[in-house]
Structures are given as C-alpha cells and as structure tokens.
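Asks: give the three-dimensional model of this entry:
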Amino acid sequence: MSFGENLQFLRKQKNITQEQLAERLEVSRQSVSKWESSQSYPEMEKLLQICSMFHCNMDTLMQGDVSKDFVEDTCGYDSFMNRFDRLVTAGNALILFGISIMGFLMGLGMDEDIAPVFFFIFLIAGVIILVVMGMQHSHFAEKHPYIEDFYTEEEKEQAYRKFTVRMAAGIGIILVDALLFMVLGIKMDNVLADPVNIGKLEDFGMGIFMLVLTPGVSVLVYGGMQKDKFDIKKYNKEKSLSPAKRKRDALTAKICGCIMLAALMVYLVCMFTDIEWSTSWLVFVVGGILCGAVAIILSRDDDSEGGQ
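Replies: Next comes the predicted model:
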C-alpha cells in the first residue's frame, strides 16, 4: 500500500473526516486530500504527528501495509460490553432507587406493611436485569473465550482519564450526600420533639439520602466496569482458568448466593413481624460484606498456588 492508501485507511478506522484530520494537524483539507491521493507528501514534522496519532511506525506508514497490523473487533466485544455495563449499572440503580421510594412513602405516612411492596417491585426488576445480563455474559464468554486486543493505546489512555473523573465524581457525590444526611439529622433532632414526626422525617430523610446515593454508586459501578472493559488480557486470563480455579469460583458463587438468600429471608421476617425493620435493609449490606470476605478467603488459595 502507498502512503496515501495507508493514511486513508487509518483515518477511516478512526472514523474521522479529512476536515477533522486537517484540523488536528493544523493544515488545510486540500493538503490531506492530496496526501491520500499521493499527489504530495507531508513534511517530516507532520509525518511524526501522524505516526503518533495513529500509533504506527514511519516505515510501515510510508512503504508498508498498516492494515496488517490493525486488529478489528470481529465478535462485537465493545458493543456487547457497553450494553452489559449499562444494564448492570441500571439493575443496581433500580435496587437502590427502590429503597429510596420506600423511604419517601413511609415518610409520607404510608403503612409500614405496604411501603416495602414498592421496594420489592424495584428489587425484583433489578435482580431480573442482573441475572439476565449475567447469563448473557456467560454465553458471550463461552462463545468467545479469547479476544485479540484491538484497543489502541490512545483509547486506553482516554478510558483511564474518564475512569479517574468518574471515580472522583462518584466519591464526591457519596461524601456530599453523607454530610448532608448527617447535618439534616442533627437539625431534625434539635427542632422536633414528637417521636412520631421524627420517625417519619427520618424515613423521608433516608429516602433523600438513597436518592442522591443512587447516582453516586452508579457512576462508580459504571466507571469501574468501563475501565475493566479495556483490560483484554484480564478477560482472556479469566476465560482460560484451570479446572481447580473454576471449581473455586463456582463454590464462591454458591456460597454468596446462599448468603444473599439468607439476607433476603431475614429481611422478610423483619418486615412481617414486630421486629424493627426500618433499618433491616442493612442485612443486604452485611451480606455483601460477607460475600466479599468469602471471595478474598477463597482467592488466597490461588495466590498460594501461584507462589508454589
């Protein structure tokens, strides 16, 4: 391929027009058009810029075939993972939003036996999304156990910059939310003396807290998943696990499933008995912590095997 053909190929792979490329290189569109039609060649400074922009070497750009070094996403990994990340984030957000709705309804005086029903509607919807996406991800991984890394270094660097911004934004939202909740809680205790009104305001305040918490957690979840999307090496490593590691992962999933099922049963018992259940949703937090502990403990076996 000629230099013009190589340049045109690289430009189209980046989905940029001649005008956009010319703007980045600070030249006219006519200059880019002449380069691609091999009527003229850019100066050395512009050639170096092009090599840096498209992550190719000078020899290949001028005399070789850049298409041979280009890896395409033939299995649709990027589009699938984008959809997977969005829906998993949405599933988690629905569950948190359900807690918020329940708090609002209780704060407005709805019966304590009815308000949780609305939470369970969102809980069921969120769990269905998570289960379906988990099954689809497993199917995709079985169909495509190995994927050649097609992301460029520029795309990975851009993804990492977005990750840091999302992490900062998510943590900032959560910290501001917690601070506001603490301040409002102190003011309510000082102003109101009626325990009934205090209880309703606490429920309403919890609804506000969870409502603001939902986007903060969603940003963290989505940001982390989007960052992992670009780690093709990690994806391939996870899909080439040893039989022993696969058994441990299956065991971890079963134990965590039992823990969360037990947490749900405890929550239901609290809801339909005289036990104080306004804070019983914390059993899910405890369940999550226990699942994390189980995963860490079982993963130590992998570390010990790796060191032998």
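Asks: what's next to stretch 158-168, contact-wise?
Replies: The list of residues contacting stretch 158-168 from outside it, by Cβ atoms under 8 Å, 6 or more residues apart in numbering, reads 151, 219-220, 222-224, 226-227, 229-230. No exception for glycine: its C-beta is placed from N, CA and C like everyone else's.
Asks: please state the offset of it from the chain centre?
Replies: Here stretch 158-168 shows a centroid-to-chain-centroid distance of 11 Å under the convention Cα atoms, centre = their mean, to the nearest Å.
Asks: restrict it to CA atoms and write it as PDB.
Replies: Provided in PDB are the C-alpha atoms of stretch 158-168 (Å, rounded to 0.1, in the frame of the first residue of the first chain):
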ATOM      1  CA  GLN A 158      -8.600   8.100  27.200                       C
ATOM      2  CA  ALA A 159     -10.600   5.400  29.100                       C
ATOM      3  CA  TYR A 160      -8.300   5.800  32.100                       C
ATOM      4  CA  ARG A 161      -8.800   9.500  32.200                       C
ATOM      5  CA  LYS A 162     -12.600   9.000  32.100                       C
ATOM      6  CA  PHE A 163     -12.200   6.400  34.900                       C
ATOM      7  CA  THR A 164     -10.500   8.900  37.200                       C
ATOM      8  CA  VAL A 165     -13.100  11.500  36.600                       C
ATOM      9  CA  ARG A 166     -15.900   9.100  37.200                       C
ATOM     10  CA  MET A 167     -14.300   7.800  40.400                       C
ATOM     11  CA  ALA A 168     -13.800  11.400  41.700                       C
END
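Asks: before we move on, back to that, any idea which of the contacts of stretch 158-168 is least confident?
Replies: On pLDDT alone, Y151 ranks lowest of these, at 83.
Asks: which ones among the contacts of stretch 158-168 are found in helices?
Replies: Mapping those onto helices (DSSP state H) picks out 219-220, 222-224, 226-227, 229.
Asks: TSV for these, including neighbour count and distance to L48?
Replies: Output for these, formatted as TSV (neighbours: other Cβ atoms under 10 Å; distance: Cβ to Cβ, whole Å):
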residue	neighbour count	distance to L48
V219	21	38
L220	19	39
Y222	19	37
G223	22	34
G224	16	36
Q226	18	31
K227	18	30
K229	19	31
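Asks: how near is the residue in the chain sticking out farthest from the centre to S2?
Replies: In the chain, Q39 marks the outermost C-alpha relative to the chain mean, sitting 46.7 Å out by Cα atoms, centre = their mean. The spacing between Q39 and S2, counted by Cβ to Cβ, to the nearest Å, is 11 Å.
Asks: check A295 too.
Replies: Separation of A295 from S2 (Cβ to Cβ): 54 Å.
Asks: got it, and V27?
Replies: Remark: distance between V27 and S2 (Cβ to Cβ) = 19 Å.
Asks: okay, those two: which has more neighbours?
Replies: Counted by other Cβ atoms under 10 Å, V27 and S2 do not tie: V27 has more neighbours, with 17 against 13.
Asks: number of nearby residues for the spatially closest residue to that one that is not a sequence neighbour?
Replies: Nearest residue to V27, sequence neighbours excluded (Cβ to Cβ, 6 or more residues apart in numbering): K46, at 6.9 Å. Using other Cβ under 10 Å, K46 has 16 neighbouring residues.
Asks: hang on, K46 packs against L25?
Replies: Yes - assessed by Cβ atoms under 8 Å, K46 is found in contact with L25 at 5.7 Å.
Asks: thinking again about what came up before, tell me which element the residue nearest to V27 falls in.
Replies: In the assignment (DSSP states H and E), K46 maps to helix 44-54.
Asks: quick one, what contacts the spatially most central residue of the chain?
Replies: Centroid-nearest residue in the chain, with Cα atoms, centre = their mean: Y222, separated by 2.4 Å. Contact analysis of Y222 by Cβ under 8 Å, 6+ apart lists 85-86, 89, 166.
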